[in-house]
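**Student:** fold the following.
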Amino acid sequence: PLPAMPPPVRGGVVQCQIVEAAGLPKMDLFRSVDPYVLVFCSDPLGHNTTGAVSYRTDVKPRNRNPVWEEECEIPLVGGVNTLTCTIFDKDEVTSDDLVGCVHVYLHDLDPGVEIDEWFDVVNPNMDAHRLKDARLHLKVTYMPTIDGVPVTMDMDEFASVQMPVESVRAPPGLR
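**Tutor:** The predicted model follows:
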């Protein structure tokens, strides 16, 4: 009998550009908001799966409409289904305050195709009226691989656990 093939190794990266935010609420009594964004991948329960492999933007002092134009790549590991961007308000004296989050569901994205969208910022522990204008502008590209080969097919095939490695097509230029 033939030896059993090991399961395909799923990996890749999510490329993310944190472009800007708009309409962030005032978070401090005397000041505006000093926002920064923490970017990481999470599992279906919302747990950070990338641990130390996350990205943090610069703090933009006293700015409710900050522009970052910062780029990062977050590695994909098993169980990841969401790119999470969490906006915090930097505080010098107390711990930083959560402004809100944006979740980008990777299964909604076509592999290798950049999306360029504004996302609503959500925070279930804050009065929704305070966040009604808060949005985050992101450019995101989902770049999954199987056994190191870029995936360039529809997500139904990618989601299939028993997919033979032969069915993975290399992108043009790598054939």
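
**Student:** and stretch 117-130, how far from the chain's centre?
**Tutor:** 17 Å (C-alpha atoms, centre = their mean, to the nearest Å).

**Student:** stretch 82-91 now?
**Tutor:** 11 Å.

**Student:** then stretch 12-21?
**Tutor:** Per C-alpha atoms, centre = their mean, the centroid offset for stretch 12-21 relative to its chain is 7 Å.

**Student:** enumerate the positions of it that are buried.
**Tutor:** Of all the residues in stretch 12-21, those buried under the rule 16 or more other C-beta atoms under 10 Å are 12, 13, 14, 15, 16, 17, 18, 19, 20, 21. In this view, the C-beta of every residue, glycine as well, is placed from N, C-alpha and C.

**Student:** just those residues now: which is nearest residue 34?
**Tutor:** residue 21 (12.2 Å; C-beta to C-beta).

**Student:** quickly run through the sheet partners of the helix or strand encompassing that closest one, with directions.
**Tutor:** In this assignment (DSSP states H and E), residue 21 forms part of strand 10-22. Strand 10-22 sits in its sheet next to strand 67-75 (antiparallel), strand 135-146 (antiparallel), going by DSSP bridges.

**Student:** so which of these comes closest to residue 98?
**Tutor:** Nearest of the strands paired with strand 10-22 (C-beta to C-beta): strand 135-146, 13.6 Å.

**Student:** so for the closest one, mean pLDDT?
**Tutor:** Looking at strand 135-146 alone, the average pLDDT works out to 93.
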